[in-house]
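Peer 1: coords please:
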Amino acid sequence: MENFKKPLLKTLKWTGIFIAAILFLMFILPILFPGTISEQVKIFANKHLAGKLDYKKVHLTFFRHFPSLTVSVDDLLLKGSRPFQQDTLLAAKEVAAGINLKNLIFDHEVKIDEIYVMDAYANVYVNSKGQANYNVYVSSPSQSPKDTTEKGTSIKLELIKFKNWHIKYIDHTAKILADAKGLNYTGQGGLSEDIFDLKTDLKIDSLDFSLDRVYYAQQKSLHAELITRINTNALTFVLRKNELKINDLPLKFTGSLSILKDGYDLDINAASEKTTIRDMISVLPPQYLDWAKDTKLEGKSNLFFSLKGKFSEPRNLKPRMTARLLVDDGTISNAKAPVPMKNLNVDLGIDLPSLDVEQLGVDIKTLSFDLGQRNTFRAVVKTKGLSEMSVNANLKGTINLQTLDAALGLKDVDMKGLMNADIKANGTFSMDKKLFPKTNGYLALKDGWLKTKFYPNPIQHINLTASIQNPEGTFRSLGVKLMPFQFDFEGNPVFINADLQNFEDLLYKVRAKGTLNVGKIYKVFKRKGMDVSGLITADLSLNGRESYAITGQYNKLDNKGTLNLKNIKAATTYLPKSFYLKEGSFQFENEKMWFRKFYATYGKSDFALNGYLLNTINYFIERKGTLHGNFALNSNYILVDEFMALKSGDNEDKSLEVEYAKAENPKSTGVVIVPKNLDVSLVTSVRKVGFKGLNISQLKGTAAVKAGQVYLRSTSFDIIGSRMNIDARYQNESLLTANFDVALKVMDFNVQRAYKEIDMVRKMATSAKDVSGIVSLNYKLKGDFDKNMNPIYPSLEGGGVVNLRDVAVNNLKMLSVIGDNVGADAFNHPDMKGVNIVTHIKDDLIHIDKFKFKVSILRPSISGTTSFNGLLDILVRVGLPPGGLIGIPVAVTGTSEKPKLKFFSRKGQGILTALYNRKINKVIRKEERAPKESKKEQRKEKKAQEEKAKEAEKRVNKDLGKNG
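Peer 2: Next up is the predicted model:
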């Protein structure tokens, strides 16, 4: 026993010493090596990160991620790469790197083989130009063979662990939004090897995914167990074992993904086999899941998906997507249902070659269900293409809507009525080729009744009999009849009767009568966009043929009746606010729709219209119709600023293009968008107009809106106490850019007031600050607006005359310096009354034609070039008495604030023009001082610039004269 006891005690002793030593090392190592590790991590981060990195505290410990020795960084914040330097890319409560202990102790090297990131928010963003905020890692390719003996920080990962992440991914180019909350990820494998298997465990508490505003997943949980073989040499990923579970729906993935030089090569297959309808329903949006809890769902389902082919934007290659959904012998029933929905069978196939919707194939081989005897529905539909679509469809069924409602257990909707449909179609649909499938069918609803939880009263007495006939498969042979469509809502009956024949040259006969409270009926369906008190009253009889109006055969039209609207709210996708139509009374008389009474507001702006629109019936018939009309427009106030596309407003129905532009340019207003489907003339009378802090009043003249452009003709208004006459043209190029042409004349305006109140005067005429009195202006300009609807000065072209009718010039620096040098104080107060100054503008330079004035007994003249940023290349000739026949040339360079003079010289120093790309509205180079040239070269360059500027002025007249 003694012999056994001694070795045991010895073993325990040395084991205790070893454990104590290990514990001692765990405490002492972080104290011995902190400088080495902290310094090398900083060097590594600064060397390899383009985004700004910040954190609060660094720890070196064994105990946060035992047994690994880890460098832990608290409250890390990493900003994005250019141009997103101010945006957060990653924020994390803790980022830790596991250190290889052997390399640290024996080689004094920091080898990172584990990464931990806890409680993090990642914001991944790609803008509409394709610029990404995550390009923060900077690698410097080595010009020499790798030195494997070099010491320092290196990464050889075996483990990546993320805990409690929130990841948001927004890609404006692909129109993708993904938002994952409660993400936990563990990745294990030889991540630094050339070829390795990555074992992944991924859990997400809530996942949202949308493509082009369509949500394919909302608040879905996800669990994935994956094994992916990764070849870093070929950048290939092979999906060996990949099992996902979205809510209750299991999915298995197989295939591969290879990263190419200009894209991807995909071969991915996914399947969810031998699942149930309830599992399938679990991936529906959240609002349907409560319904599923209280509904009996039985039946088998199978889902198959594949994505195969190359994706390359430069080569215009995209993969082929196919999908198939099978539902067999399904049953859906609610406890209150008199009969269940049984025999639910679905066989749906989707084929999308090259992800091109123009080649989209939809094949519904089966869609059928029964609701008891004599309540069945059967559909077979096959389509191919979009703009030119081949169609083969057969739909037939008789359904009691009350029975359907009860069987499905719908909570938000109650409906009644007997619906009967029988439609067969076979052929090609093409708007361009005027083709429509051969069709024979009808849809009927008898004694319909509809009520939703959003509004207390139902729409009732709904009766609809619609038939469609097309024996030949063309637009010409197509006929549609509504005989009739009627319903009652809030005690007001609505009746519509329509007979439409020959859609190639539509022969229409429509009768509509009734009163509809638009706001309330939109409440029934919980729709936005209409005011709650909106009211429409119609009594219309429309009879005619599309070609009668086009060819001017108005006597053959028989359109008559009235349409009254009151308190209607409407919005468009490119305006930030909603229009409120306070009152509208319209009368139809053959080809004209008269605006007998029209008063609307938009924000602070108001509009009263009187006149008519031509051919409104055809506008709604044609695929790309244009509204023509003539109106008198009266307004008390129009604030142009609130029409700018990216301004804030109450309109929630913005286009995706507007949303993206606002997200990428949060401080921009955008420009005013002009509709392209209007051809309208307006005689305008506006008491006050506001634009970017500038107020004009008593605007009167003729305006026109045509093909996305606005024209002003012979228009006048009061500005800074003077009457201005202008002709102008405006056109937006995008949400962020626009172009304009303007020819203006203004008599007797106060120079100092113009300098103080008009930003463009301060920018274009900096010397105006030294001038007081009255001038007149006759000028022409063309140019571009930027994303805040300010003029882009290097884009300006044009010219004109400024008449200094009654002015006083005081202490203009360039002249004052000349006066100081020649001993003539009168240069501080030259006599320029009545002088005409002719200038031409192009490429951010102002070219001044020679003009003369008086300074006591002297007769100076000035000519030359100045720039918008104040550079001078001016020649002043000081004419001496008698009569100024003999003069002293003075070359003036430098800037308007610090002029430089060279007496007895006609050689200044030229100014290089600004470079402006009109296609992309971008200033490539600002104007700058030219290198010194010979006198001959300088004159040649200056003459060429002046000729270009004069030609620009002529082009303004040409653009203004296009139309209006």
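Peer 1: what stretches of the stretch 1-150 of the chain score poorly on pLDDT?
Peer 2: 1-48, 60-69, 99-112, 137-150 (pLDDT under 70).
Peer 1: Would you map the strands across the stretch 51-200 of the chain?
Peer 2: For the stretch 51-200 of the chain, the strands defined by DSSP state E, counting those that start in this stretch occupy 53-54, 57-61, 69-79, 88-99, 110-126, 153-171, 176-188, 195-211.
Peer 1: In a markdown table, list those along with mean neighbour count and distance to G299.
Peer 2: All C-beta spots, glycine's among them, are computed from the backbone N, C-alpha and C. As requested, these are exported to a markdown table (neighbours: other CB atoms under 10 Å; distance: least, CB to CB, whole Å):
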| stretch | mean neighbour count | distance to G299 |
| --- | --- | --- |
| strand 53-54 | 14 | 54 |
| strand 57-61 | 15 | 56 |
| strand 69-79 | 20 | 49 |
| strand 88-99 | 21 | 45 |
| strand 110-126 | 19 | 39 |
| strand 153-171 | 17 | 35 |
| strand 176-188 | 17 | 31 |
| strand 195-211 | 16 | 26 |
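Peer 1: Same list (the ones you listed) but as TSV, adding distance to I468.
Peer 2: TSV is the format used below for these (distance: least, CB to CB, whole Å):
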stretch	distance to I468
strand 53-54	65
strand 57-61	73
strand 69-79	60
strand 88-99	56
strand 110-126	45
strand 153-171	42
strand 176-188	38
strand 195-211	33
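Peer 1: Which stretches in the stretch 501-650 of the chain count as strands?
Peer 2: With DSSP E, counting those that start in this stretch as the criterion, the stretch 501-650 of the chain has strands at 507-517, 535-545, 558-570, 579-589, 592-602, 605-614, 627-635, 638-639.
Peer 1: Would you map the helices across the chain?
Peer 2: Secondary structure of the chain (DSSP state H): helices at 2-32, 34-48, 101-102, 277-281, 289-293, 401-408, 518-524, 546-550, 616-621, 656-664, 751-757, 759-764, 813-822, 935-960.
Peer 1: quick one: which of the strands of the stretch 51-200 of the chain is nearest A645?
Peer 2: Relative to A645, the nearest member of the strands of the stretch 51-200 of the chain by CB to CB is strand 153-171, separated by 20.1 Å.
Peer 1: by how many degrees do that closest one and strand 195-211 diverge?
Peer 2: Angle of strand 153-171 versus strand 195-211, following axes from the mean of the first three to the mean of the last three CA atoms, to 10 degrees, is 20 degrees.
Peer 1: Could you check the pLDDT of the closest residue to K900 other than its chain neighbours?
Peer 2: Once flanking residues are discounted, K900 sits nearest to G894: 3.6 Å by CB to CB, 6 or more residues apart in numbering. pLDDT, G894: 90.
Peer 1: now G894: how far from D873?
Peer 2: Going from G894 to D873 by CB to CB, to the nearest Å gives 10 Å.
Peer 1: and what of Q218?
Peer 2: Look at Q218 and D873: by CB to CB, they are 64 Å apart.
Peer 1: So between these two, which is more surrounded?
Peer 2: Taking other CB atoms under 10 Å, Q218 and D873 do not tie; D873 has more neighbours (22 against 17).
Peer 1: how far away is that one from K948?
Peer 2: 16 Å.
Peer 1: cool, and D959?
Peer 2: Taking CB to CB as the measure, D959 falls 16 Å from K948.
Peer 1: Please name the residues that touch the nearest residue to M747 once chain neighbours are set aside.
Peer 2: The shortest distance from M747 to any non-neighbouring residue, by CB to CB, 6+ apart, is to S776 (4.9 Å). For S776, the contacting residues are 745-749, 802-803, 805, by CB atoms under 8 Å, 6 or more residues apart in numbering.
Peer 1: again with A421
Peer 2: Contacts of A421 by CB under 8 Å, 6+ apart are 395-398, 441-444.
Peer 1: 6 Å instead, please
Peer 2: 395, 397, 443 (CB atoms under 6 Å, 6 or more residues apart in numbering).
Peer 1: same thing with V802?
Peer 2: By CB under 6 Å, 6+ apart, the contact list for V802 reads 775, 777, 837.
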